[in-house]
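1. the sequence and its predicted three-dimensional model are supplied below.
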Amino acid sequence: MRSPLPRRARVVTLAAAGAAALLVLTGCASGSDAADSADGGTQDVTINQAVQTLLYLPLYVAEEKGYFEDEGVNVKIDTGGSGNASFAAVLGGSAGFSIQDPVFSAKSHEQGGEGVIVAGVQNAPAEFLVGKDGTSAQDDPTILNGKKVVVSPSPDSTWALMTKMIDTYDLTGVKLVNVSLGNELAAVASGQADYAVVPEPSVSQAVDQQDMHVVYSWPAAGDEWNPFAFSSLTSTQKYVKANPEATQGVVNAFQRAYNYIYSDEAGTIEVAEKYFPKLDKSTVASAVKREIEADGYPHGATVTEEAWDHNLQLAADIDNVKKYPADATSYKTNVDTTFSGKAEKKYPAKN
């Protein structure tokens, strides 16, 4: 979904298949063409998001509130259509940064490529289990035994989280049902499945419009899952080395966006409404509030080692990476805290 309303963003949808092929063909291209000097002393920077989603709200707040321009960067927002396509844009040089699951960086290093995470975008496993039966599974997931649960195909996060839950709690007879993206709630409403694992705004749509209930929240699942490096601002080591000022400006803008989100809920909801005009305003408000209450958006730009470990351990458990811990998948190899540390010092977190 895209919005015609953002002040400066130009949102362009790329062909996912072509970009995915680019991931194979380009290897570790520098992305040197993705940031050039612009008039007025600012630098042009392209950020490629996997999809337009409320999970990436810090990006839209930074753009809409003018933080990028304030920090000396003129940002263009592209939409890849998938995490693979967005990261391919970085490797291929059409974008300086991408936003998607940070595991793509680790997978790239396993193949001898590049990838570096410079800031967090979503700091919790922002998925929720919804269904028509309101019995909570939060403290007793065994109520899911013998049930049908809608997830996206492997290795999507909804599939990964549900697969891990089945293994952790020795659930039996749980059937995972795949449906096309956007049809998760319809599958539950029609009786094709008992539950669906969905992010916002689907959660609020389920609760507000379809009389469903949240029966399990991964963000509320405690230290076993949280914090979790769910989505990140990703680049390459070569790009950030060649463009340190632009990188710092982008990370600073994200840090300011986090602060705005946690200090002005009403203003944050207004930004979200502009980027998702086809959604009911009540749904947008509910979705943003649930994300804020869950601490889904980061308070600080740094992706912590604990958050990285939670993601990569899950990735290893479901064979989404070859091995963890290992040099290629390590925190040290994949996360650069230089820029996030400076951003947090300049713009201290507002809790």
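-> Looks like it arrived, so ask away.

2. V150 in helix, strand or coil?
-> strand (DSSP: H, G, I helix; E, B strand; the rest coil).

3. please report how far it lies from A349.
-> Distance, V150 to A349, by CB to CB, to the nearest Å: 36 Å. In short, each C-beta sits where N, CA and C put it, glycine included.

4. name all residues that make contact with the closest residue to F230 other than its chain neighbours.
-> Leaving aside its chain neighbours, F230 sits nearest to Q122 (4.1 Å; criterion: CB to CB, 6 or more residues apart in numbering). Counting by CB atoms under 8 Å, 6 or more residues apart in numbering, Q122 makes contact with 55-56, 230-231, 296-298.

5. for V197, which residues make a bridge with it?
-> L129 (DSSP bridges).

6. touching, it and A160? I think so.
-> No - here V197 does not reach A160: they are 9.8 Å apart, not a contact under CB atoms under 8 Å.

7. what about the longest helix in this structure?
-> helix 244-263 (DSSP state H).

8. flag every buried residue along it.
-> 246-262 (16 or more other CB atoms under 10 Å).

9. again, but for stretch 317-329
-> Buried residues in stretch 317-329 (16+ other CB under 10 Å): 320-321, 324, 328-329.

10. if we can go back for a sec, N311 versus the residue nearest to F230, what's the distance?
-> From Q122 over to N311 (counting by CB to CB), the distance is 11 Å.

11. overlap in contacts of the two?
-> Joint contacts of Q122 and N311 (CB under 8 Å, 6+ apart) are F230.

12. which intervals of the stretch 1-150 of the chain have sub-threshold pLDDT?
-> 1-40 (pLDDT under 70).

13. can you give me the helices in it?
-> Taking DSSP state H, counting those that start in this stretch as the criterion, the stretch 1-150 of the chain carries its helices at 16-26, 57-64, 67-70, 83-92, 103-110.

14. tell me the most buried of those helices?
-> When those are scored by mean count of other CB atoms under 10 Å, the highest mean neighbour count falls to helix 83-92 (a mean of 28).

15. quick revisit: so which of the buried residues of stretch 317-329 is the closest to D223?
-> D223 has its nearest neighbour among the buried residues of stretch 317-329 in Y324, at 18.7 Å by CB to CB.

16. please parse this structure into its domains.
-> 12-124+228-346, 128-217 (automatic domain parsing).

17. which residue, other than its chain neighbours, is closest to D194?
-> That would be K147: by CB to CB, 6+ apart, it lies 4.3 Å from D194.

18. residues contacting D309?
-> Y331.

19. assign a three-state SS to it, would you?
-> Relying on three-state DSSP, one would call D309 helix.

20. measure it to T247 for me?
-> 24 Å.

21. separation between the closest residue to T304 other than its chain neighbours and E306?
-> Closest residue to T304 apart from its sequence neighbours, by CB to CB, 6+ apart: P227 at 6.2 Å. When distance is defined by CB to CB, P227 is 6 Å away from E306.

22. which one's more surrounded, those two?
-> P227 (22 against 13; other CB atoms under 10 Å).

23. and the more buried one, that's in a helix?
-> No - applying three-state DSSP, one finds P227 to be coil, outside a helix.

24. and the strands in this structure, which stretches?
-> 12-13, 35-37, 43-49, 73-79, 97-100, 116-122, 128-131, 148-151, 175-178, 195-198, 213-217, 231-235 (DSSP state E).

25. re the thing from before, so which of the domains of the chain is the most surrounded?
-> domain 12-124+228-346 (a mean of 21).

26. residues in contact with the most centrally placed residue in the chain?
-> Among the residues of the chain, the one closest to the centroid is S231, at 3.0 Å (CA atoms, centre = their mean). By CB under 8 Å, 6+ apart, the residues touching S231 are 55-56, 99-102, 120-122.

27. one more pass at 7 Å, please.
-> By CB atoms under 7 Å, 6 or more residues apart in numbering, the contact list for S231 reads 55-56, 99-101, 121-122.

28. any idea which of those residues is closest to G131?
-> L55 (21.5 Å).

29. thinking the closest one is in contact with V198, fair?
-> No - between L55 and V198 there is no contact under CB atoms under 7 Å: 11.6 Å.

30. quick one, phi/psi of the residue nearest to D194?
-> The phi and psi values for K147, taken as degrees, to the nearest 10, are phi -100, psi 160.

31. please renumber the chain so that the first residue is 10 from this point on.
-> Understood, numbering begins at 10; the last thing we discussed is K156.

32. so how far is Y284 from the nearest residue to Y269 once chain neighbours are set aside?
-> Leaving aside its sequence neighbours, Y269 sits nearest to V70 (CB to CB, 6+ apart; 5.5 Å). When distance is defined by CB to CB, V70 is 10 Å away from Y284.

33. and what of V312?
-> For V312, the distance to Y284 - CB to CB - is 24 Å.

34. kindly report the same for G258.
-> 22 Å.

35. ok, and the closest non-adjacent residue to S117?
-> In space, and not counting its chain neighbours, S117 is closest to G124: 4.2 Å by CB to CB, 6+ apart.

36. residues contacting that neighbour?
-> 113-114, 117-118, 243, 245, 343.
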